[in-house]
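Student: one predicted model, sequence on top.
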Amino acid sequence: RSIQRVNADNRARHEIAGVIDQYSKALAAAAIQTGGSAVQSLPADRVRASLNMLVRQVMPHAILVDHWTDPLNKRMKALCTLDLEQYQSVLAQQTFMDSRLRSAMQNYAGMVYDQLSANFHGN
């Protein structure tokens, strides 16, 4: 049972890492698209490296909040969450990221979250 729980935790962390990565990429794209020439001129490899570092910095703040066993396949599952406010707090503290990109991402964090949430929920 403990191995099942560890495996469920790992799967949940992997899933939320993917969500954080996708959100970060969407947020950076919005920031670059509307952030003016200073942000648009940032090298793509620098932006990618910053986003990878951001995901690694955010992940420790994701919290496992629930466990259950799927009644159909008897596989244990876990739920891992991260508050938008926590993400924004980590983003605001990043010194490795270009300040113009960080600022533009902070400006669009709520809007991009709302768009992705609406797409996810089918609204």
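Tutor: Perfect, thanks for sending it. Numbers count the residues shown, from 1 in each chain.
Student: from here on, just use CA atoms for contacts and neighbour counts.
Tutor: Will do.
Student: strands of the protein, start to end?
Tutor: Using DSSP state E, the strands of the chain run over residues 63-69, 76-81.
Student: so which of the ones you listed gets nearest S2?
Tutor: strand 76-81 (10.2 Å; C-alpha to C-alpha).
Student: so where is the protein shaky, pLDDT-wise?
Tutor: Low-confidence segments of the chain, defined by pLDDT under 70: 122-123.
Student: show me where it has helices.
Tutor: Along the chain, counting by DSSP state H, helices occupy 2-34, 37-40, 44-58, 84-92, 99-121.
Student: OK, contacts around the residue nearest the centre of the chain?
Tutor: Central residue of the chain (C-alpha atoms, centre = their mean): I20, 1.7 Å from the mean position. Contact analysis of I20 by C-alpha atoms under 8 Å, 6 or more residues apart in numbering lists V55.
Student: that one and S2, how far apart?
Tutor: Distance check for I20 against S2: by C-alpha to C-alpha, to the nearest Å, it reads 27 Å.
Student: excluding its backbone neighbours, what's nearest A109?
Tutor: L27 (6.4 Å; C-alpha to C-alpha, 6 or more residues apart in numbering).
Student: what's around that neighbour, how many residues?
Tutor: By other C-alpha atoms under 10 Å, the residues close to L27 number 24.
Student: for it, list the residues it contacts.
Tutor: Counting by C-alpha under 8 Å, 6+ apart, L27 has contacts 105, 108-109, 112.
Student: save those residues as TSV, and put in distance to C80 too.
Tutor: Shown next, in TSV, are these (distance: C-alpha to C-alpha, whole Å):
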residue	distance to C80
M105	24
Y108	24
A109	20
V112	21
